[in-house]
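Colleague: No sequence on hand, only this structure:
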């Protein structure tokens, strides 16, 4: 038996990709494309929507339908696509700036609306493309190019945000969890309603350099010390959780999504 | 003397017993009292719009209200989004999935839409945006009319680009020009902005809406060749490339970045120059098809009034009263605002001694374009109001009477 590689979704001749050594975007993309292949996704039925930034560049490597949008608005474009044509597989791939900083409002409303879109968020803890500025997910007191004396602001927990806003499926992983990442993505892609997979992968070039993990092994150690399987994390007392985050499936529920509910609206309107 | 609304562009059908159809208002043959914003929604549905995404804002909200009721009835989608950026984004997404899609807003919301409207230009995504103009700046006079977004429509986005904008002056034109807006959007793969002012949007008039088939409805050109060979940005001889829909056999790539024929990013200077030129040329080459104007009493005129939107009504009344007082005045109504009807203005303006441009803004946004078309020597008189009140026929008659600028801002002299 041959294993899925996901290469069938990649434009020929584009490798090697543009991302820095140690960056998690390439691994995340590989996991996603393998998930596509294992689920039998066809290019004709799949639309990948991207935003702006390092993560937003990945559409150019793909031969599925794609829409490369503006900074922060990928989910709003994806919502229009999915609302009009529910048969499409719509995946919005964003960075942390896109998803929960400039585009935070679209993120919480996509989750509240429970639109059947899968959001993949590569959280590299800063704005990589523009030189490593602080973002809404930069850990407090971390150093970035715009927080030279430490970030005085607290960071968003993307998964908690999605859970609270009403997402049907929420999962988190990191480059330490390659195969699991693919499995989580498959669960997210097949889940009706809004689903999120957050991939925490600190930017080695900027965030890592400023925060004593310039080399990839140091970054992986940083992740390994912090990432705990969700069952272990939940078993800890509140004070023991500090400095850790849970990985795995965090939310899994089956509330009816927007398209399903809109059929009720249509049925009511057509009775008049 | 009252002005009655008749539109010579509409051909009445010979047979009055057209077959029944599912289009909305199809059986509304009798005159019906209708609001401009309602007529815009009705016109959009007549043109085949089946997707609306918007955010409430005065004075455009009635368009959303209508669509919320009618879209699901027709199997379409109405979405109230979280803001105007999301609204135009969802419209673009739906359009690429094959929908005729639109949104409606007003000043502040239109400002918020600019960036994603630029994506619609760059990605050549057909869509319609209705900007019911209200008085600014900023929140301004939120319920009062203005015609002060003329330049924002043309130049509001970063980067050099071209769009089409139409401006209705009556409830019937709200309907017909909305259909036309969709036709242009579909024909040229470009966002089209419908630019009523608050007066027209909220005006109620008796209108007899066209039956299906009375006004042509244009659908976008779709690809016909082998899917593997489809190039979503390679223009045909008419300057416009065919557009597939997500979910069809034609897989395609759309990006806000500079791109080649295949839709993938392309930073080559030669390609960038070709793309920017094509985005302009596909409109410039068809300007005679796109520029719509109407004229009233221009055959023997000595004075020309150039007007658009609700101000057209004051202009026509002023022309009638001027003639009663011995001044032969005519009116040129600009139904198309962009591309600007410079040739039409020049052709008529050269025949008269005086040109008057009444508009509800301070800067003379239309007058500036008229000046460009006519040159520095023309006796061009501006009539401007920017206090949220309507330009009256008397304002225009005052400008005809004396060479002085009649800009009082609408306040008593």
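Modeller: Right, received. Where do you want to start? What you are looking at is a predicted structure, and each value in this text was computed from that prediction instead of being measured.

Colleague: separation between residue A:126 and chain B?
Modeller: Between residue A:126 and chain B the computed distance is 22 Å (Cβ to the nearest Cβ, to the nearest Å). All C-beta atoms are positioned from the backbone trio N, CA, C, and that covers glycine.

Colleague: and if you look at residue A:147?
Modeller: Distance from residue A:147 to chain B, by Cβ to the nearest Cβ: 27 Å.

Colleague: Surely that residue and residue A:138 touch.
Modeller: Yes. Between residue A:147 and residue A:138 there is a contact under Cβ atoms under 8 Å: 7.1 Å.

Colleague: The two: who's more crowded?
Modeller: A direct count of neighbours by other Cβ atoms under 10 Å in any protein chain shown for residue A:147 and residue A:138 places residue A:138 higher, at 29 against 19.

Colleague: The more buried one - that's part of a helix, no?
Modeller: No. Residue A:138 is assigned coil when assessed by DSSP: H, G, I helix; E, B strand; the rest coil, not a helix.

Colleague: and it, what does it touch?
Modeller: A:125-126, A:144, A:147, A:151, A:153, A:155, A:207 (Cβ atoms under 8 Å, 6 or more residues apart in numbering or on different chains).

Colleague: Can you pull the residues of the stretch 101-250 of chain B lying near chain A?
Modeller: B:101, B:115-116, B:119, B:123, B:245-249 (Cβ under 8 Å from any Cβ of the partner chain).

Colleague: Could you do the stretch 251-400 of chain B as well?
Modeller: Checking the stretch 251-400 of chain B against chain A by Cβ under 8 Å from any Cβ, the hits are B:251-257, B:263-265.

Colleague: could you flag which of the residues you listed are buried?
Modeller: With neighbours counted by 16 or more other Cβ atoms under 10 Å in any protein chain shown, these contain buried members at B:251-257, B:263-264.

Colleague: Give me the distance between residue B:242 and chain A.
Modeller: 16 Å.

Colleague: Got the confidence number for the closest residue to chain A within the stretch 201-350 of chain B?
Modeller: Relative to chain A, the nearest point of the stretch 201-350 of chain B is residue B:255 (3.7 Å; Cβ to the nearest Cβ). Looking at residue B:255, its pLDDT is 98.

Colleague: Could you pull up phi and psi at it?
Modeller: As for residue B:255, its main-chain torsions (degrees, to the nearest 10) stand at phi -140, psi 150.

Colleague: Same question for residue A:93.
Modeller: With angles defined as degrees, to the nearest 10, residue A:93 sits at phi -110, psi 120.

Colleague: By residue count, what's the longest helix in chain B?
Modeller: Determined from DSSP state H, the single longest helix within chain B is helix B:171-188.

Colleague: Tell me how far the closest residue to chain B within chain A lies from residue B:116.
Modeller: Closest residue of chain A to chain B, Cβ to the nearest Cβ: residue A:80 (2.9 Å). Taking Cβ to Cβ, to the nearest Å as the measure, residue A:80 falls 11 Å from residue B:116.

Colleague: next one: residue B:360
Modeller: 27 Å.

Colleague: just how off-centre is stretch A:215-228 within its chain?
Modeller: 19 Å (Cα atoms, centre = their mean, to the nearest Å).

Colleague: Tell me the buried residues in it?
Modeller: Using 16+ other Cβ under 10 Å as the test for burial, stretch A:215-228 gives A:218-220, A:222-223, A:227-228.

Colleague: what residues does that stretch touch?
Modeller: A:21-22, A:174-177, A:200-202, A:204, A:208, A:212-213, A:236, A:243-247.

Colleague: Neighbours of residue B:320, how many?
Modeller: Residue B:320, neighbours per other Cβ under 10 Å, totals 17.

Colleague: where in chain A is pLDDT low?
Modeller: For chain A, applying pLDDT under 70 flags the ranges A:1.

Colleague: residues in contact with residue 191?
Modeller: Just going to use chain A. By Cβ under 8 Å, 6+ apart, the contact set of residue A:191 is A:118, A:168-169, A:252.

Colleague: try again with chain B
Modeller: Contacts of residue B:191 were listed using Cβ under 8 Å, 6+ apart, and they are B:117, B:120-121, B:125-129, B:163-164, B:185.

Colleague: Just among those, which is most surrounded?
Modeller: Going by other Cβ under 10 Å, residue B:128 tops the contacts of residue B:191 with 31 neighbours.

Colleague: pretty sure it contacts residue B:178?
Modeller: Yes. If you go by Cβ under 8 Å, residue B:128 and residue B:178 touch, sitting 7.2 Å apart.

Colleague: shared neighbours of these two, anything?
Modeller: Joint contacts of residue B:128 and residue B:178 (Cβ under 8 Å, 6+ apart) are B:44, B:194.

Colleague: Can you tell me the element residue B:94 falls in?
Modeller: helix B:84-96 (DSSP states H and E).

Colleague: on that earlier part again, can you turn the buried part of the contacts of stretch A:215-228 into a PyMOL selection?
Modeller: Burial among the contacts of stretch A:215-228 is assessed by 16+ other Cβ under 10 Å; the matching PyMOL selection reads:
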select buried, chain A and resi 22+174+175+176+177+200+201+202+204+208+213+245+246+247
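
Colleague: Filter the contacts of stretch A:215-228 down to the ones in strands?
Modeller: In this view, the contacts of stretch A:215-228 that belong to strands under DSSP state E are A:200, A:245-247.

Colleague: mind pulling up the phi and psi values for the most centrally placed residue in chain A?
Modeller: Nearest to the mean C-alpha position of chain A, by Cα atoms, centre = their mean, lies residue A:121 at 1.7 Å. Backbone torsions of residue A:121, given as degrees, to the nearest 10, read phi -120, psi 120.

Colleague: I figured it was touching residue A:96, is that so?
Modeller: Yes. With contacts counted by Cβ under 8 Å, residue A:121 reaches residue A:96, the gap being 6.5 Å.

Colleague: Find residues that contact each of those two.
Modeller: Contacts common to residue A:121 and residue A:96, judged by Cβ under 8 Å, 6+ apart, are residue A:158.

Colleague: And the helices in the chain, which stretches?
Modeller: Just so you know, I chose chain A. Going by DSSP H, chain A shows helices at A:25-38, A:74-84, A:96-97, A:104-113, A:158-165, A:178-190, A:209-210, A:216-226, A:230-235, A:258-271.

Colleague: switch to chain B, that's the one I care about
Modeller: For chain B, the helices defined by DSSP H occupy B:36-46, B:61-73, B:84-96, B:107-122, B:150-155, B:171-188, B:198-202, B:269-284, B:287-290, B:311-324, B:342-349, B:365-374, B:393-401.
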